[in-house]
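# predicted model and sequence follow; I will ask about them next.
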Amino acid sequence: GLGLAAGLFASLKPVFLVTIAAPELVGLARRRRLRALVAPETLAAAAVVLAYAAHFALLPAAVREAFFHRWLPLIASGYAAYDAPLREILSRRGLWGALGAAALPFLLRPAEPSAAWRLARAFSIATIAAAAGFVLQHKGWSYHLLPAVGGAVVLALLMLAGSTDAGRRLRVAPI
């Protein structure tokens with residue numbers, strides 16, 4: 001289920017693919033094992049993305065021609081009209097709240113990290129990637145910030161659960 005949802009999420013808004021892929025890529029770099037790439041969730045996400053891409057081949061030729069050679073270029077050429085100034089994008093409180101929450105698992109940790117706390121770092125990386133995607137899009141639209149803010153909320157709940165589990169005490173992580 002989770003892989004199918006991730007694949008659908010990435011297909012509907014490809015810029016969100018970075019949010020999904022970032023924790024996987026960081027985990028892959030840390031563990032240096034490719035086994036995670038063949039997990040059922042990863043395969044399901046890839047299958048949905050491939051099915052979405054393949055559906056374009058099944059469209060009638062006239063529809064494909066109109067979509068790729070008329071409508072998509074027309075939309076892409078006018079999309080820059082919606083760009084927001086970087087100052088406006090960086091002034092969003094939700095962006096800074098999400099980044100602040102994403103920094104916490106790297107600054108604080110319990111003496112004995114629980115499973116919830118270890119998962120918090122993955123959500124932190126996803127939240128940072130989502131915030132970067134928001135900034136790089138240059139649109140400033142609120143719904144583009146939802147993955148970062150949502151990641152921060154999940155991250156806060158994981159940290160709360162992980163820090164209160166069995167009376168664990170938080171300490172500042174060594175830099």
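Noted; the coordinates are in hand.
# which residue, neighbours along the chain excluded, lies closest to residue 162?
residue 117 (3.1 Å; C-beta to C-beta, 6 or more residues apart in numbering). Bear in mind the C-beta positions are built from the backbone N, C-alpha and C, glycine included.
# quick one: that neighbour and residue 111 touch, right?
No: with contact defined as C-beta atoms under 8 Å, residue 117 does not reach residue 111; the gap is 10.6 Å.
# which one of these two is surrounded by more residues?
residue 117 (22 against 8; other C-beta atoms under 10 Å).
# specify the next element, helix or strand, located C-terminal of the helix or strand hosting the residue nearest to residue 162.
Per DSSP states H and E, residue 117 falls inside helix 115-137. Heading C-terminal from helix 115-137, the first helix or strand you meet, by DSSP H and E, is helix 142-164.
# quick one: list the elements packing against that following helix.
helix 93-107, strand 108-110, helix 115-137 (3 or more C-beta pairs under 8 Å, 6 or more residues apart in numbering; DSSP states H and E).
# between the ones you listed, which one is nearest to residue 86?
helix 115-137 (7.8 Å; C-beta to C-beta).
# farthest residue from the center of the chain?
Of all residues in the chain, residue 62 has its C-alpha farthest from the mean position, at 34.7 Å, by C-alpha atoms, centre = their mean.
# now the strand or helix carrying that residue, how far from the chain's geometric center?
Assessed by DSSP H and E, residue 62 sits inside helix 61-66. Centroid separation for helix 61-66 versus its chain: 32 Å, with C-alpha atoms, centre = their mean, to the nearest Å.
# would you agree residue 24 is in contact with residue 41?
No: the pair residue 24 / residue 41 is not scored as a contact, 9.5 Å apart, by C-beta under 8 Å.
# fine by me, thanks again.
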